[in-house]
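Engineer: need a structure here:
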Amino acid sequence: MAFLGQEQQIREFQDRFKYLYAALFVGLCMLVSRLVFLQILKGDQMRQYSEENRIKRVKIAAPRGMIFDRNHKLLIDNRPDFDLEIIPQYLKESRQEKEVLGRLAKMLQMPEQEIYENLGKARGQPAFMPVKIKTDLSRNEVAQVEVRKLDMPGVEVRQEIKRTNIFGDIAAHLLGYIGEVNSTELPILNKMAQRYRLGDSIGRFGLEQRMEEHLRGVDGEEIKEVDALGRVKLEKHREHVLKTIPDKPAVPGKNLILTIDQDLQQAATEAFGDKIGAVAAIDPRNGEILAMLSRPSFDPTTFSRGIPIKIWAKLLNNENHPLRDKTIQDHYSPGSTFKIVTAIAGLQEKVIDANTKFFCPGQIKIGNRTYHCHHRHGEVNVIQAITQSCDVFFYRVAQKLRSVDDIAKWANVLGLGKKTGINLAGEVSGLIPTEAWKRKRFGLQWNAGETATVAIGQSFVLTSVLQLANLYAAIGNGGTLYKPFIVKKIETTEGQSLMEFPPIALSKFTLDPKGLDLVKQGLWGVVNSPHGTAFSQRLPGMDFAGKTGTVQVIRISADKIYQRCETMRFRDRHNAVFVGFAPLNNPSIAVAVIAEHACHGATGAAPVAKAVIKRYLEKYYPNRYGEKALAIRLKNEKPSDRAPASHVSASDSENSSD
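Structural biologist: Here you go, the predicted model:
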């Protein structure tokens with residue numbers, strides 16, 4: 001019963017209630033629709049999500065492919081190592097964060113603040129993703145953590161793979177190293193495919209970087225059931241639904257078989273000693289790299305699990321640049337090893353021939369400047385000039401050529417002034433100057449004196465060690481310039497060949513056969529003639545040919561030009577260079593060596609090439625160059641049988657300082 005006057009008000013509000021009823025009805029319909037969507041249409045998916053709340057997917061790291069030398073000697077291996085990880089989600093839910101981290105800091109003997117910092121770096125990733133706290137755990141640390149594991153929710157010891165260079169720092173620059181993926185580069189790496197996550201390893205340098213797609217495998221995963229704090233339940237308590245979820249096995253990466261011979265690497269390392277510089281050996285028949293060494297070096301194994309800041313800083317601040325690959329990333333003046341280019345230019349341009357002789361009085365004046373030779377050689381021809389490394393002869397050749405552009409033309413034909421194309425990052429192209437280059441670079445005209453210094457491999461001329469090895473390889477094989485390569489083939493872990501890499505000829509140039517023979521005779525004389533600059537490094541019976549070079553690194557005044565190099569300040573001493581090949585006819589190995597501040601090519605660089613060539617010939621041609629076979633052959637041969645077709649005549653001068 002309504003009070004007097006209320007009927008009218010009730011009638012007014014009754015019209016408004018229908019809107020409230022409609023809103024409630026719509027809300028109820030939306031709620032029912034959502035429940036139908038989640039429980040019926042998406043029921044299976046929601047059930048899967050529910051189940052996965054008690055599932056832990058443990059990553060099984062895929063082993064990286066191993067790396068072998070040409071004879072299947074293992075160079076880089078994968079060895080087990082232990083890391084400590086924390087899953088932030090479980091640690092936070094346990095409400096024991098401070099106690100757990102304090103306990104960990106004591107066990108691992110590391111500052112508690114450092115643990116917090118490591119966790120802080122991973123704030124951008126999901127809380128269920130593990131965060132690495134410490135790598136390379138000792139066995140004692142592993143035991144301590146495992147014993148207290150139930151009291152430390154979210155803390156786990158994970159077995160990982162430690163990338164190990166079997167031979168330490170030998171060929172470190174060639175083989176490279178790996179490092180962890182960081183948060184900055186992760187989006188870039190995963191743009192094309194979701195393959196990486198924080199903590200994963202990736203190739204950073206050398207072949208580890210260039211062959212990453214082949215070396216890296218596919219990670220697997222293992223399914224574990226966990227409680228609310230992330231602790232793994234026993235296998236017998238797993239429910240049937242979890243047993244139906246299959247584990248995913250890891251797929252190992254592919255193995256690399258290189259062209260490198262580890263025995264030659266070892267021979268080069270031992271002969272090089274503690275010098276600074278590089279060695280490159282190549283097969284002239286196909287472009288296979290037989291050895292590559294850069295010194296000083298570093299041990300890539302220390303990089304594979306995270307390098308300490310102190311060690312990294314020490315490497316960065318080392319004035320000898322151990323992180324640079326000096327075979328391809330540094331360029332040097334080639335010195336007298338470049339004289340064969342000038343000789344070829346003179347012979348090909350017809351300004352000299354076999355009968356051309358120039359008199360060497362020990363110096364020559366060009367313009368208003370005097371250019372010195374290291375010795376007074378008297379009258380010499382092109383063979384003798386190469387053998388004795390007579391600067392004056394090549395100064396005179398430079399004067400007869402039209403300009404420095406003639407030298408540059410043939411230097412480019414022979415592969416200098418451009419990258420070799422080797423499959424390694426950071427290769428420099430070097431520099432072969434021309435008149436146009438100087439005008440563009442300095443806005444100045446070229447002068448005749450500069451052509452003279454270019455003719456003996458100095459001035460603006462710059463080459464890499466690998467370029468020099470490839471140059472002499474092309475001279476040795478008669479004119480084919482190959483693209484140097486390191487990877488011979490890619491195999492599965494079972495040894496099945498997946499991909500092979502054939503030789504690639506970059507160019508084939510035609511040289512006058514008579515002129516080429518003159519150059520090779522000169523190179524043979526360098527090592528085998530009593531007046532050759534590297535006669536002390538000869539290998540009787542092995543037809544070892546080559547060229548020495550001694551390169552000034554600072555400008556020396558005329559009154560100090562004959563100063564004994566060994567008495568100079570170390571950084572002011574000359575660089576020692578040697579490039580050679582063997583055997584003389586149909587060579588199978590060419591070697592280039594640059595030893596910084598080692599003073600003389602004959603004593604600072606040639607012994608290294610000699611050791612590598614000797615080891616190679618003895619190993620691969622034992623029936624001809626083995627110790628016993630060589631002794632018998634030398635006993636039966638006459639001295640004249642060991643000289644090339646045209647005997648190298650020599651003046652009565654003494655050995656040069658080259």
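
Engineer: Next one: Pro63 relative to Ser304, how far apart?
Structural biologist: 13 Å (C-beta to C-beta, to the nearest Å). For glycine as for every other residue, the C-beta is placed from the backbone atoms N, C-alpha and C.

Engineer: Name the residue in these two with the higher neighbour count.
Structural biologist: Set side by side, Pro63 and Ser304 show unequal neighbour counts under other C-beta atoms under 10 Å, the larger going to Ser304 at 28 against 18.

Engineer: Please name the residues that touch the residue nearest the centre of the chain.
Structural biologist: Taking C-alpha atoms, centre = their mean, the centroid of the chain lies closest to Gly206, which sits 2.8 Å from it. With contact set as C-beta atoms under 8 Å, 6 or more residues apart in numbering, Gly206 has these partners: 172-177, 325, 424.

Engineer: at 7 Å what do you get?
Structural biologist: Counting by C-beta atoms under 7 Å, 6 or more residues apart in numbering, Gly206 makes contact with 173-176, 424.

Engineer: what two of those are the furthest from one another?
Structural biologist: Spatial extent of these (C-beta to C-beta) is set by the pair Leu175 and Leu424 at 10.4 Å.

Engineer: Pretty sure Ile178 sits against Thr164.
Structural biologist: No. If you go by C-beta atoms under 7 Å, Ile178 and Thr164 don't touch, sitting 10.9 Å apart.

Engineer: okay, those two: which has more neighbours?
Structural biologist: Ranked by neighbour count (other C-beta under 10 Å), Ile178 and Thr164 place Ile178 first, with 23 against 18.

Engineer: Excluding residues flanking it in the chain, which one is nearest the more buried one?
Structural biologist: By the measure of C-beta to C-beta, 6 or more residues apart in numbering, the closest residue to Ile178 outside its immediate chain neighbours is Ser201, 4.6 Å from it.

Engineer: Please apply the same query to Glu450.
Structural biologist: Distance criterion C-beta to C-beta, 6+ apart; nearest residue to Glu450, sequence neighbours excluded, is Ser459 at 5.5 Å.

Engineer: For the one you found, give me phi and psi.
Structural biologist: phi 60, psi -120 (degrees, to the nearest 10).

Engineer: ok, of the contacts of Gly206, which one's closest to Cys599?
Structural biologist: Each of the contacts of Gly206 was scored against Cys599 by C-beta to C-beta, and His173 proved nearest at 24.7 Å.

Engineer: With pLDDT as added columns, please give the contacts of Gly206 in TSV.
Structural biologist: Output for the contacts of Gly206, formatted as TSV (pLDDT from 0 to 100):
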residue	pLDDT
His173	94
Leu174	95
Leu175	95
Gly176	93
Leu424	93
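
Engineer: Just the buried ones from those residues, in ChimeraX syntax?
Structural biologist: Buried subset of those, written as a ChimeraX selection, criterion 16 or more other C-beta atoms under 10 Å:
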select :173,174,175,176,424
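
Engineer: In terms of distance to Pro126, which of the contacts of Gly206 ranks first?
Structural biologist: Nearest to Pro126 among the contacts of Gly206 is Gly176, at 31.3 Å by C-beta to C-beta.

Engineer: distance of the residue lying closest to that closest one once chain neighbours are set aside from His531?
Structural biologist: Leaving aside its sequence neighbours, Gly176 sits nearest to Gly206 (C-beta to C-beta, 6+ apart; 2.3 Å). Using C-beta to C-beta, we find Gly206 at a distance of 42 Å from His531.

Engineer: Same question for Pro587.
Structural biologist: Distance from Pro587 to His531, by C-beta to C-beta: 23 Å.

Engineer: Likewise for Thr420?
Structural biologist: 33 Å.

Engineer: And these two? Which one has more around it.
Structural biologist: Taking other C-beta under 10 Å, Thr420 and His531 do not tie; Thr420 has more neighbours (26 against 20).

Engineer: Please pull out the lowest mean pLDDT helix or strand from the chain.
Structural biologist: helix 240-243 (a mean of 53; mean pLDDT, DSSP states H and E).

Engineer: so how far is the helix or strand following that helix off the chain centroid?
Structural biologist: Sequence-wise, the next helix or strand downstream of helix 240-243 (DSSP states H and E) is strand 255-258. Strand 255-258 has its C-alpha centroid displaced from the chain centroid by 15 Å (C-alpha atoms, centre = their mean, to the nearest Å).

Engineer: Please name every helix or strand in contact with strand 255-258.
Structural biologist: Packing partners of strand 255-258 (3 or more C-beta pairs under 7 Å, 6 or more residues apart in numbering; DSSP states H and E): strand 67-68, strand 487-491.

Engineer: which element is the nearest residue to Arg148 once chain neighbours are set aside on?
Structural biologist: Nearest residue to Arg148, sequence neighbours excluded (C-beta to C-beta, 6+ apart): Arg103, at 6.9 Å. Per DSSP H and E: Arg103 is located in helix 97-108.

Engineer: Show me what whichever strand in the chain runs longest is packed up against.
Structural biologist: Ranked by residue count and defined by DSSP state E, the top strand of the chain is strand 74-86. Counting contacts by 3+ C-beta pairs under 7 Å, 6+ apart, strand 74-86 packs against strand 67-68, strand 131-134, strand 155-165.
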